[in-house]
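this is a predicted model, with the sequence first.
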Amino acid sequence: MSLALAYSDSPAPAPYAPARDVEIAARGLTVSYRHRGAVFSGIDFDIRRGERVALVGSNGAGKSTLMKTLLGFIVPTSGSIEMFGQDMCAMPQKKQRDVRASIGFVAQKHNLVPRLSVLSNVIHGTLGARSGPRGWLHSVASREIRARALHALDQVGLADLALRRADSLSGGQSQRVAIARALVCEPRLIFADEPVASLDPAAGEDVMQVFEEVTRGAGATLVFTTHNLDHATRYAGRVLGLQGGTLAIDAAVDALPQGGLIGLYS
Ligand SMILES: Nc1ncnc2c1ncn2[C@@H]1O[C@H](COP(=O)(O)OP(=O)(O)OP(=O)(O)O)[C@@H](O)[C@H]1O
Ligand SMILES: [Mg+2]
């Protein structure tokens with residue numbers, strides 16, 4: 001579905017001019033890797049404030065590549081990205097880092113520091129904003145940062161485990177800590193790349209529910225990749241589907257094409 005169709009009730013925007021509440025505007029986005037050619041090309045989409053978007057597609061379709069490109073870690077071969085109304089590709093690296101400070105990221109593997117406490121791991125989430133031991137050891141972090149980290153742990157239901165070593169947690173608990181670590185900077189946008197892929201079904205459900213609640217509660221925008229189509233349609237309001245280097249699907253969950261998303265995998 002084209003963007004014009006998806007948002008046909010909003011005033012007609014000027015060509016390629018993002019609307020006011022657009023957090024991410026991608027235009028003509030093309031990414032090629034050396035010796036591989038284009039992963040995707042000419043992709044256009046807007047993501048609006050507060051949306052919950054599932055990014056789906058088969059292995060190798062380019063989901064992680066797209067996420068890394070939006071984060072500024074991959075420079076697109078052509079096209080543009082506006083993040084919070086600012087041209088991500090034209091801005092200097094320091095400015096990119098400032099923009100990234102408003103973005104939380106949760107990966108498939110939680111990458112907690114095993115020997116440190118849960119609280120210290122969450123405080124790690126503020127590292128982009130401050131450096132040195134005060135930024136990462138809970139015993140010397142400022143009172144304000146500790147309070148924020150405890151609040152983030154409370155949001156994911158783990159405040160009572162703050163002083164436990166990270167390596168004593170279950171996979172589901174660890175991933176919840178990773179969400180708290182992403183939340184501690186009070187991001188306006190959260191990217192999660194297969195956040196529950198390594199969890200059992202019950203823990204995965206639990207973690208997706210936490211995502212849903214905390215992002216809705218904070219009014220944050222959520223973009224997550226998944227191979228679980230049930231999660232995509234229950235925890236997102238909109239689905240972007242990559243296939244064959246194009247955005248084959250861009251639709252609200254209740255307006256998905258007949259046959260749903262399974263066609264993306266044929
Ligand atoms: N650094 C790289 N150099 C060259 N090719 C790469 C690189 N990273 C990814 N690719 C290729 O780009 C394509 C897209 O990879 P990507 O990891 O974005 O897919 P994905 O949709 O996230 O897949 P998965 O569902 O397996 O995580 C794949 O063909 C992959 O092999
Ligand atoms: Mg991936």
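Great, that's in hand. Ligands and ions are numbered 1, 2, ... in the order given.

now the strands for the stretch 101-250 of the chain?
Counting by DSSP state E, counting those that start in this stretch, the stretch 101-250 of the chain has strands at residues 103-106, 189-193, 221-225, 238-243, 246-252.

export the ones you listed to CSV and tack on mean neighbour count and distance to ligand 2?
C-beta here means a position set from N, CA and C on the backbone, and glycine is covered the same way. Formatted as CSV, those follow (neighbours: other Cβ atoms under 10 Å; distance: least, Cβ to the ion, whole Å):
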stretch, mean neighbour count, distance to ligand 2
strand 103-106, 24, 13
strand 189-193, 24, 6
strand 221-225, 24, 6
strand 238-243, 23, 10
strand 246-252, 18, 16
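
between these, which has the poorest mean confidence score?
Between those, the lowest average pLDDT goes to strand 103-106, which shows a mean of 92.

who's in contact with the nearest residue to N111 once chain neighbours are set aside?
In space, and not counting its chain neighbours, N111 is closest to A178: 7.3 Å by Cβ to Cβ, 6 or more residues apart in numbering. Residues in contact with A178 (Cβ atoms under 8 Å, 6 or more residues apart in numbering) are V106, A107, H110, N111, L112, P195.

now with 7 Å?
Neighbouring residues of A178 by Cβ atoms under 7 Å, 6 or more residues apart in numbering: V106, H110, L112.

do the same with I249
By Cβ under 7 Å, 6+ apart, the contact list for I249 reads V239, L240, G241, P257, L261, L264.

can we see that at 10 Å?
With contact set as Cβ atoms under 10 Å, 6 or more residues apart in numbering, I249 has these partners: 1, 56-57, 238-243, 256-257, 260-261, 263-264.

just give me the closest of those residues to ligand 1.
Nearest to ligand 1 among these, counting by Cβ to the nearest ligand atom, is G57 at 5.4 Å.

with adjacent residues omitted, what lies nearest to that closest one?
In space, and not counting its chain neighbours, G57 is closest to L242: 3.6 Å by Cβ to Cβ, 6+ apart.

and what of V239?
A54 (4.9 Å).

was I right to think that neighbour contacts A252?
No. Applying Cβ atoms under 10 Å as the test, A54 and A252 come out as separate, 11.3 Å apart.

any idea how far the residue nearest the centre of the chain lies from E82?
Nearest residue to the geometric centre of the chain (Cα atoms, centre = their mean): F191, 0.7 Å. From F191 across to E82, the span is 16 Å (Cβ to Cβ, to the nearest Å).

how about the residues of this protein by ligand 2?
Contact residues (Cβ under 5 Å from the ion) of the chain with ligand 2: K63, S64.

make CSV from the strands of the stretch 101-250 of the chain and add distance to M88 to it.
Listed next are the strands of the stretch 101-250 of the chain as CSV, based on distance: least, Cβ to Cβ, whole Å:
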stretch, distance to M88
strand 103-106, 11
strand 189-193, 12
strand 221-225, 14
strand 238-243, 18
strand 246-252, 18
